[in-house]
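Asks: please work out how this folds:
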Amino acid sequence: MLVGLRRKPHLGMTLVEMLAAMAVTLILILALAQVFQIIGDNVADGRAIVEMSSAIRDTANRLQDDLDAVTVPARPWPEPGSGLGYLEYLEGAGFDLAPNFALWDVANPLKSASIIGDSDDVLAFTVRNTGQPFVGRLNGNTIRSNAAEIIWWLEPSDTNRNGQWDWKPLEGLRETFSLRRRVLLILPDQVNLPAGVSPKQFHRGNDLSVRLEGGRLVANSLADLTKRQNRAGHVPESGTGPVPNNFPYPIVPAMVPGSLVINANSLMPKQAGNYLGEDIILSDVIGFDIKIFDPTVPLVADSNNLDTVVPGDPSFDPTATALGFGGFVDLGFLRYQPGVKSLFAGRPHTKSQLKQLVYDTWSLDYEYDGFNQDGGVLDQGTNGLDDNASLGVDDLGERETSPPYPHPLRGIQIIIRTLDPDSRQVRQITVTSDFTPE
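Replies: Okay, here's the model as predicted:
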């Protein structure tokens, strides 16, 4: 009789089965890790987009509110006695396609193009707030005023502290800018200001608009601020006559013109010391491009005949037939786009004596201030005589000075661009203000 032998069942896995199971498990774990990483990156990018969009939108709203409260009509020659204040815009040497002007190649306009935009423009003006007053500090005390001088500009980050702004993505060096908004309150009745300090030193910890007069600080009024020498960021008056030593009192910006070098002599009213960085309204900025509305600039079709372009756009052709006129352009754009004639294309008026590209409401005070700005007859534009025997008494041709661009300003456009350094997300917003009289 034959008896069948029963095989014992396997109670475990063979070595081959174990290795196969481990391999499958590792593949699943790696797949799950990859999925979680993708989800995490998307969440981080989404959070960065939300935060950037919120921050840049808040900044744009603040800038729009400031522009809506400008005290002076955007046209030249306000009289100081009217107490209207000023509006001024400095167009730096760079522009949106070539932030560093030295890199510009007219034969290949896209050669220097990058996500970095124009970063050396400055916007300054006086405002009046009819609602809640502006609040600031003076000698450790709180001050309030419904009128203020406001300056917007970019300050380079210089994270490696080499004295210049660096953008070298291939080397992992991406320095950005901080957008500054400095509010200096206008309270002309303030006295007992500190002696022996400059306005720049004073503004490191105080929020009062001041000027130097006889070597001492004096609080500004709106009337005082019509004159360039009394404004923040400008070379002040250093002489008392008969010739104003520093006319036309240029702005001293944060960047050396046409260079990546940080300007050690900048007069921009940065806060410092205990208040360092409190004037920063937006960080990681890579563009603050101010444009002026030029009603006479030609609009032409782009190379694909799909859109209209203006000087400053890559496909603008000055020889093309104009489809219309009027657009936002850089002040003095002839420096990089020749062949166009318009109100704001060229250099400033020679009588302004400004080398910088500046739109300024100017001041009629220069025509009867007792200084001889042009070396001719003293204040001949307001002396009641026909000094040039042409066009009558005290015509415009007799005036010693001129606004750099003696034309009304109909509108201004500011483009703000930011970069999130971790996600590499870029966001941009445009603020436009209409100055056309109603």
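Asks: in its sheet, what does the helix or strand encompassing Ile429 sit against?
Replies: Taking DSSP states H and E as the definition, Ile429 sits inside strand 426-434. Paired with strand 426-434 in the same sheet, following DSSP bridges, are strand 411-419 (antiparallel).
Asks: off-centre distance for the partner strand?
Replies: 8 Å (CA atoms, centre = their mean, to the nearest Å).
Asks: identify the residues contacting it?
Replies: The contact list for strand 411-419 (CB atoms under 8 Å, 6 or more residues apart in numbering) reads 52, 55-56, 59-60, 63, 67, 89, 96, 115, 117-118, 123, 174, 176, 179, 282, 284-293, 328, 425-436. Where you see a C-beta, it was placed from the backbone N, CA and C, and this is true even at glycine.
Asks: can you select the buried ones among those residues for me in ChimeraX?
Replies: Buried residues among the contacts of strand 411-419 (16 or more other CB atoms under 10 Å), as a ChimeraX selection:
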select :52,55,56,59,60,63,67,89,96,117,118,123,174,176,179,282,284,285,286,287,288,289,290,291,292,293,328,425,427,429,431,433,435
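Asks: what sits closest to Leu391 if chain neighbours are left out?
Replies: Sequence neighbours aside, Gly397 is the residue nearest to Leu391 in space, at 6.4 Å (criterion: CB to CB, 6 or more residues apart in numbering).
Asks: local confidence estimate at the one you found?
Replies: According to the prediction, Gly397 has pLDDT 83.
Asks: now swap in Ile290 and tell me
Replies: Reading off the model, Ile290 has pLDDT 97.
Asks: I figured it hits Leu87, correct?
Replies: No - using CB atoms under 8 Å as the test, Ile290 is too far from Leu87 to be in contact (11.9 Å).
Asks: hang on, the earlier thing: now do the residue nearest to Leu391 against Asp224, distance only.
Replies: Gly397 is 28 Å from Asp224, where distance means CB to CB, to the nearest Å.
Asks: quick one, which of the two is more surrounded?
Replies: Shown here are Gly397 and Asp224; by other CB atoms under 10 Å, Asp224 has more neighbours (23 against 13).
Asks: chain neighbours aside, what residue packs nearest to that one?
Replies: Nearest one to Asp224, counting by CB to CB, 6+ apart, is Asn230 at 4.7 Å.
Asks: with Ser402 instead?
Replies: Lys351 is the one closest to Ser402 (CB to CB, 6+ apart), at 3.7 Å.
Asks: residues contacting that neighbour?
Replies: Counting by CB under 8 Å, 6+ apart, Lys351 has contacts 374, 399-402.
Asks: ChimeraX command for the buried members of the residues you listed?
Replies: A single ChimeraX command selects the buried members of the contacts of Lys351 (16+ other CB under 10 Å):
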select :374,399,400,401,402
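Asks: wait, what's in contact with the nearest residue to Pro404 once chain neighbours are set aside?
Replies: Leaving aside its chain neighbours, Pro404 sits nearest to Pro348 (3.3 Å; criterion: CB to CB, 6+ apart). Listed by CB under 8 Å, 6+ apart, the contact set of Pro348 reads 332, 354-358, 404-405.
Asks: tell me the mean pLDDT for the helix ranked longest in the chain?
Replies: Counting by DSSP state H, the longest helix found in the chain is helix 15-68. Average pLDDT, helix 15-68: 82.
Asks: can you give me the angle that helix makes with strand 411-419?
Replies: Helix 15-68 and strand 411-419 are oriented at 160 degrees to each other (axes from the mean of the first three to the mean of the last three CA atoms, to 10 degrees).
Asks: what helices and strands are in contact with helix 15-68?
Replies: In terms of contacts (3 or more CB pairs under 8 Å, 6 or more residues apart in numbering; DSSP states H and E), helix 15-68 is packed against strand 122-128, strand 147-156, strand 177-185, strand 280-301, strand 411-419, strand 426-434.
Asks: name the residues that touch the very next helix or strand once past the fourth one?
Replies: Looking back up the chat, that one is strand 280-301. Beyond strand 280-301 on the C-terminal side, the first helix or strand identified by DSSP H and E is strand 308-309. For strand 308-309, contacts defined as CB under 8 Å, 6+ apart pick out 299-302, 315-316, 323-324.
Asks: if we use 7 Å, what do you get?
Replies: Outside strand 308-309, the residues that touch it by CB atoms under 7 Å, 6 or more residues apart in numbering are 299-302, 315-316, 323.
Asks: that older thread, in CSV: the contacts of Lys351, plus secondary structure and distance to Pro194.
Replies: Conversion of the contacts of Lys351 to CSV gives the following (DSSP: H, G, I helix; E, B strand; the rest coil; distance: CB to CB, whole Å):
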residue, secondary structure, distance to Pro194
Asp374, coil, 36
Arg399, coil, 38
Glu400, coil, 35
Thr401, coil, 33
Ser402, coil, 37
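Asks: got the residue ranges for the strands in the stretch 201-350 of the chain?
Replies: 210-213, 216-219, 280-301, 308-309, 324-329 (DSSP state E, counting those that start in this stretch).
Asks: quick one: closest of those strands to Arg161.
Replies: Among the strands of the stretch 201-350 of the chain, the nearest to Arg161 by CB to CB is strand 280-301 (17.3 Å).
Asks: what's the first-to-last distance across stretch 263-272?
Replies: Distance between the two ends of stretch 263-272: 16 Å, counting by CA to CA, to the nearest Å.
Asks: actually stretch 332-349, not the one I wrote
Replies: Start-to-end, stretch 332-349 (CA to CA) is 11 Å.
Asks: any idea how far it is from the chain center?
Replies: On CA atoms, centre = their mean, the centre of stretch 332-349 falls 20 Å from the chain's centre.
Asks: what are the buried residues along it?
Replies: So for stretch 332-349, counting by 16+ other CB under 10 Å, buried means 332-337, 340, 342-346, 348-349.
Asks: okay if I get these as a markdown table plus distance to Leu138 and pLDDT?
Replies: Listed next are the buried residues of stretch 332-349 as a markdown table, based on distance: CB to CB, whole Å; pLDDT from 0 to 100:
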| residue | distance to Leu138 | pLDDT |
| --- | --- | --- |
| Gly332 | 38 | 96 |
| Phe333 | 41 | 95 |
| Leu334 | 44 | 94 |
| Arg335 | 42 | 91 |
| Tyr336 | 44 | 89 |
| Gln337 | 46 | 90 |
| Val340 | 48 | 95 |
| Ser342 | 45 | 96 |
| Leu343 | 41 | 96 |
| Phe344 | 38 | 97 |
| Ala345 | 43 | 97 |
| Gly346 | 43 | 96 |
| Pro348 | 36 | 97 |
| His349 | 38 | 96 |
